[in-house]
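> here is my input; please provide its structure:
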Amino acid sequence: MTFSDTTSSSSGVPENGFTIDESIKSFALGRSALFLAITTLSCDALGADPRVFQSGNLSLTPLLNVNFTDEDNIYRRNVDEVDSLITTITPSLAAVYSNGVSGWQLDLQASDVNFDASDVDDYSSWSINGSAHLELNEFNLLDFNAGLQDDVQRRGTGFSQFGPLPDEPDTFEQSTLGVTYQLGSQNARLRLRVGGNSTSMEYTNNEEFATGRNYDQTGLQSTLLWRVSPRTDILVEARTNDFEYDQALFAGGQTTASLDSSEQYVFLGVSWEATARTTGSIRIGRADKEFDSPTRQDVDGPSYEVGIEYSPLTYSTFNLTASQNYGEGIGIGNATERKLLGINWQHEWRPSLSTVVSIQSEDSDYVGSALTDNVDRLSARLNYELARWLDVNIGVSTEERETNVTQAFGFDQSGLSIGFQASF
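Modelled structure (predicted):
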């Protein structure tokens with residue numbers, strides 16, 4: 001197969017919604033000079049316009065990202081903070097096929113991460129994600145997605161954020177699968193979407209800590225959409241999720257009751273694209289989480305999902321996200337009830353210069369325990385296009401956590417990053 005190459009029409013401004021950079025902190029003047037000389041490649045949507053290799057309906061887009069980041073508190077601890085230079089190298093490839101009606105996409109990515117202060121924390125990860133859209137006819141549409149990843153939870157995150165650090169980061173394998181069927185054309189007054197999804201999570205090391213963390217999740221979803229205007233839909237949505245763990249969780253030196261559970265979500269909402277400036281969706285409803293074990297208390301409460309994009313100018317976009325839902329536990333309590341609020345501002349000052357500012361606040365209630373916490377994150381990044389195939393970016397961000405139980409669980413982290421993103 002012979003590929004020709006073309007240049008994409010991307011403006012260099014992210015098309016995705018709310019994004020938050022990993023927390024990083026400013027460092028000594030001498031090291032900052034080193035960073036300026038070395039450069040960092042950052043993997044996100046603010047990249048150079050990549051060259052797309054085209055052959056008929058198939059296109060290939062390769063990218064290479066390298067990231068040098070300095071963090072002053074890599075383990076997210078209140079005492080004995082450890083500073084480290086973190087080097088991340090991430091090659092990726094996107095393959096897209098489209099005939100104008102149906103199509104598919106395959107994304108491949110690998111990362112190699114090295115910590116200057118601790119070889120134990122070095123790791124490699126990879127992921128494969130695919131999706132397909134099939135239009136059987138105007139009134140019958142199918143969407144598929146599948147993913148497989150081999151990744152790491154850094155020490156001080158996930159299950160180790162409120163306890164002793166394991167000897168090495170937790171490694172895990174995760175696979176996902178989903179399918180959605182839509183009855184009714186995109187312009188129909190009534191449309192029905194039904195679908196199913198599954199996730200399998202398996203931790204692959206630290207066996208003395210990992211007992212009872214592996215689970216399989218299966219879910220169903222149905223959405224009825226009623227078009228009340230050419231750009232606005234009213235929707236009613238129902239979701240169910242079932243979680244089945246391989247064995248009981250081992251925590252606090254003893255085996256606990258099963259975490260097997262089922263969830264039900266019901267939403268009433270609206271989605272719209274009122275003008276070229278505004279698009280979004282709002283879902284408001286209720287969630288119930290019921291545990292199979294009678295010793296674990298069932299929980300229920302309000303749930304909502306909000307995503308709004310506002311573009312007052314063609315080169316400036318604001319994104320608002322907000323949600324409240326349940327998540328699986330991390331060794332404390334039965335589950336986690338999370339409230340998330342985020343604001344993201346993306347602005348293109350000129351074709352070669354753009355910025356992204358992100359603010360996020362996350363409140364977590366560890367259901368079944370007395371612990372609650374609040375995490376605030378702030379990040380800002382400047383992106384400059386040196387050439388069509390090469391961008392340089394500079395970013396700063398901070399992260400702060402406060403808890404109601406003990407100051408030992410709180411921490412502050414901040415930093416600075418400088419980098420490049422390159423394509424062919």
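
> what secondary structure does the closest residue to Glu138 other than its chain neighbours sit in?
Once flanking residues are discounted, Glu138 sits nearest to Ser185: 4.8 Å by C-beta to C-beta, 6 or more residues apart in numbering. The way it works is simple: take the backbone N, C-alpha and C, and place the C-beta from them, glycine included. Three-state assignment for Ser185 (DSSP: H, G, I helix; E, B strand; the rest coil): coil.

> show me the shaky parts of the stretch 151-300 of the chain.
The model of the stretch 151-300 of the chain has pLDDT under 70 over residues 250-255.

> if we use 90, what do you get?
159, 161-164, 186-187, 206-212, 230, 247-258, 273-277, 295, 297 (pLDDT under 90).

> the helix or strand encompassing Arg338 pairs with which strands?
Using DSSP states H and E, Arg338 sits within strand 335-350. Taking DSSP bridges as the criterion, strand 335-350 sits next to strand 316-328 (antiparallel), strand 353-367 (antiparallel) in its sheet.

> possible to save these as CSV with mean neighbour count, distance to Lys289 and mean pLDDT?
Compiled in CSV, the strands paired with strand 335-350 are given as follows (neighbours: other C-beta atoms under 10 Å; distance: least, C-beta to C-beta, whole Å; pLDDT from 0 to 100):
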stretch, mean neighbour count, distance to Lys289, mean pLDDT
strand 316-328, 18, 5, 97
strand 353-367, 19, 8, 97
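
> for Val299, find the nearest of the ones you listed.
For these, proximity to Val299 was assessed by C-beta to C-beta; strand 353-367 is nearest, at 5.2 Å.

> please state the offset of the closest one from the chain centre?
Strand 353-367 sits 12 Å away from the centroid of its parent chain (C-alpha atoms, centre = their mean, to the nearest Å).

> can you name the next helix or strand after that strand?
Counting by DSSP H and E, the element after strand 353-367 in chain order, helix or strand, is strand 372-387.

> just checking, what packs against that following strand?
Here strand 372-387 touches strand 353-367, strand 390-403, going by 3 or more C-beta pairs under 8 Å, 6 or more residues apart in numbering; DSSP states H and E.

> please name whichever of the ones you listed is nearest to Asn334.
Among those, the nearest to Asn334 by C-beta to C-beta is strand 353-367 (5.1 Å).

> could you dump the closest one to PDB, C-alpha only?
Output of strand 353-367 as PDB, limited to C-alpha atoms (Å, rounded to 0.1, in the frame of the first residue of the first chain):
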ATOM      1  CA  LEU A 353       0.300  31.100  20.000                       C
ATOM      2  CA  SER A 354      -2.300  29.700  22.300                       C
ATOM      3  CA  THR A 355      -3.000  29.100  26.000                       C
ATOM      4  CA  VAL A 356      -5.000  26.800  28.200                       C
ATOM      5  CA  VAL A 357      -6.100  27.600  31.800                       C
ATOM      6  CA  SER A 358      -7.900  24.900  33.800                       C
ATOM      7  CA  ILE A 359      -9.400  24.900  37.300                       C
ATOM      8  CA  GLN A 360     -10.900  21.800  39.000                       C
ATOM      9  CA  SER A 361     -12.400  21.100  42.400                       C
ATOM     10  CA  GLU A 362     -13.200  17.500  43.500                       C
ATOM     11  CA  ASP A 363     -15.000  16.500  46.700                       C
ATOM     12  CA  SER A 364     -15.000  12.900  47.700                       C
ATOM     13  CA  ASP A 365     -17.000  11.200  50.400                       C
ATOM     14  CA  TYR A 366     -15.700   7.700  51.200                       C
ATOM     15  CA  VAL A 367     -19.100   6.100  51.900                       C
END
